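Enquirer: kindly generate the corresponding structure for this input.
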Amino acid sequence: MVIETDLIPFSQWIGPALVSFGIGFSVLLLASLVFGYLTAAVRHGPLAGGDITFRVVRSMFAETLGLSPRRIWSIARLAIKESLRKQVLAVLAINVLILMFASWLLDPTSSSPAVLYLRFLLNASLFFALLAGLFLSCFSLPADLKSKTIYTVVTKPVSAGEIVLGRILGFSLVGTVLLAAMAAMNHFFVLRSLH
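Expert: So this is what the prediction gives:
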């Protein structure tokens, strides 16, 4: 496979990418503050709306400073255990099943078989990783409410932000491990199929 454009080194694109991220995050934060103020001003008046917005921002900073990495990591570990209990590893089994039958669907004698194989495997990996992340994140909280395990978590001195960050971290780690495992399997499949 021929690369038509040179790859940009990491050190050259990471700086502008971080600047773009910072600008986008700042604009989004400012827009949400303005929207929150306008909503509060319409409901309670301009002065009371400013006071409400100020109290919300002050409590946000207080909660951010009070975040505990230890509690966040504990909730992330619980999310990882929950994911394994929900048999998220079945995604890897589905990936193996796809790899077993992919040689029937893909034509290695095409004009550019590497592009065909890589496009197919990358799309399949992306699809299954997104499905796994979607199902894990959507059904975890209702399942916790149904099994009443969330009640033991919220009785501890844990803030709502720590619960959300812990869940995000846990599910992100599970998704990262799934993607890494699928990438390794797909790499060996492509190396074996296209000598």
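Enquirer: ramachandran angles for residue 26?
Expert: Listed backbone geometry of residue 26 is phi -60, psi -40, with angles given as degrees, to the nearest 10.
Enquirer: number the residues from 551 up from this point.
Expert: New numbering, starting at 551: the last item is residue 576.
Enquirer: give the buried residues for the helix or strand hosting residue 724.
Expert: Secondary-structure assignment from DSSP states H and E places residue 724 in helix 710-743. Applying a neighbour-count criterion of 16 or more other CB atoms under 10 Å, the buried positions in helix 710-743 are 712-713, 715-717, 719-721, 724-725, 728-729, 732, 735-736, 739-740, 743. Any C-beta I mention is one placed from the backbone N, CA and C, and that applies to glycine too.
Enquirer: how far away is the residue nearest in space to the middle of the chain from residue 686?
Expert: Closest residue to the average C-alpha location of the chain: residue 722 at 4.8 Å, with CA atoms, centre = their mean. From residue 722 across to residue 686, the span is 10 Å (CB to CB, to the nearest Å).
Enquirer: swap in residue 669?
Expert: Taking CB to CB as the criterion, residue 669 is separated from residue 686 by 26 Å.
Enquirer: more neighbours: these two, which one.
Expert: Regarding residue 669 and residue 686, a neighbour count based on other CB atoms under 10 Å identifies residue 686 as having more, with 20 against 12.
Enquirer: my guess is the more buried one contacts residue 633. True?
Expert: Yes. Counting by CB atoms under 8 Å, residue 686 does reach residue 633; the two are 5.5 Å apart.
Enquirer: put the alpha carbons of the lowest-mean-pLDDT helix or strand in the chain into PDB.
Expert: Among the helices and strands of the chain, helix 700-704 carries the lowest confidence by mean pLDDT, DSSP states H and E, at a mean of 76. Included here for helix 700-704 are C-alpha records, laid out as PDB according to Å, rounded to 0.1, in the frame of the first residue of the first chain:
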ATOM      1  CA  ILE A 700     -26.000   2.000  43.600                       C
ATOM      2  CA  TYR A 701     -27.500   2.600  47.000                       C
ATOM      3  CA  THR A 702     -24.400   1.200  48.700                       C
ATOM      4  CA  VAL A 703     -22.200   3.500  46.600                       C
ATOM      5  CA  VAL A 704     -24.200   6.700  47.300                       C
END
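Enquirer: just checking, what packs against it?
Expert: Judged by 3 or more CB pairs under 8 Å, 6 or more residues apart in numbering; DSSP states H and E, helix 700-704 is in contact with helix 663-697.
Enquirer: let's go with 10 Å and repeat that
Expert: When contacts are defined as 3 or more CB pairs under 10 Å, 6 or more residues apart in numbering; DSSP states H and E, helix 700-704 sits against helix 619-635, helix 663-697, helix 710-743.
Enquirer: contacts for it, please.
Expert: By CB atoms under 10 Å, 6 or more residues apart in numbering, the list of residues contacting helix 700-704 from outside reads 621, 624-625, 628, 690-695, 710, 712-713, 716.
Enquirer: how close does the closest residue to residue 646 other than its chain neighbours get to residue 674?
Expert: Take residue 646 and drop its neighbours on the chain: the residue closest to it by CB to CB, 6 or more residues apart in numbering is residue 735, 6.7 Å away. According to CB to CB, residue 735 and residue 674 sit 11 Å apart.
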